[in-house]
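Undergrad: any chance you can model this:
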Amino acid sequence: MKKYPIRLRGIDEATAFIKATTKYEYDMDLCKGEVIIDAKSILGVLSICSDDDLELSIYNNDHKDILESLSDFLINKKTA
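TA: Now for the predicted structure:
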């Protein structure tokens, strides 16, 4: 598992984020404080989406392909 800090600003970015994550079969979670939701859940993502930083957990060691898709949302493009 790898973790990456991301930021989603508004509904448009949240929707684009969901479209990107659903293209991949491996599991991903978004964390905001103590709240953990499925990163592919539109309702879950919209419920925690704000200008606050979120943490994306990807449960697959071979996931460099998704990092390119999510580059607009990554706060620090270096791996954690």
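
Undergrad: any weak-confidence spans in this structure?
TA: 51, 77-80 (pLDDT under 70).

Undergrad: so where do the strands sit in it?
TA: In the chain, the strands defined using DSSP state E lie at 2-7, 28-32, 35-38, 53-58.

Undergrad: so the first one versus strand 53-58, what angle?
TA: Read that as strand 2-7. Strand 2-7 runs at 150 degrees relative to strand 53-58, counting by axes from the mean of the first three to the mean of the last three C-alpha atoms, to 10 degrees.

Undergrad: pretty sure Ile58 sits against Lys2.
TA: Yes - judged on C-beta atoms under 8 Å, Ile58 makes contact with Lys2 at a distance of 5.3 Å. (C-beta placed from N, C-alpha, C; glycine too.)

Undergrad: taking the centroid of this protein, which residue is nearest it?
TA: Central residue of the chain (C-alpha atoms, centre = their mean): Leu56, 4.5 Å from the mean position.

Undergrad: looking at Ile58 and Lys2, which is more packed in?
TA: Ile58 (22 against 13; other C-beta atoms under 10 Å).

Undergrad: give the contact list for the more buried one.
TA: Going by C-beta atoms under 8 Å, 6 or more residues apart in numbering, Ile58 touches Met1, Lys2, Lys3, Tyr4, Tyr26, Asp27, Met28, Ile66.

Undergrad: how about a cut-off of 10 Å?
TA: Contact analysis of Ile58 by C-beta atoms under 10 Å, 6 or more residues apart in numbering lists 1-4, 21, 24, 26-29, 39, 66-67, 70, 80.

Undergrad: okay, buried residues for the top helix by length along the chain please.
TA: The helix spanning the most residues in the chain, taking DSSP state H as the definition, is helix 10-21. Buried residues in helix 10-21, defined by neighbour count with 16 or more other C-beta atoms under 10 Å: Glu13, Ala14, Phe17, Ile18, Ala20, Thr21.
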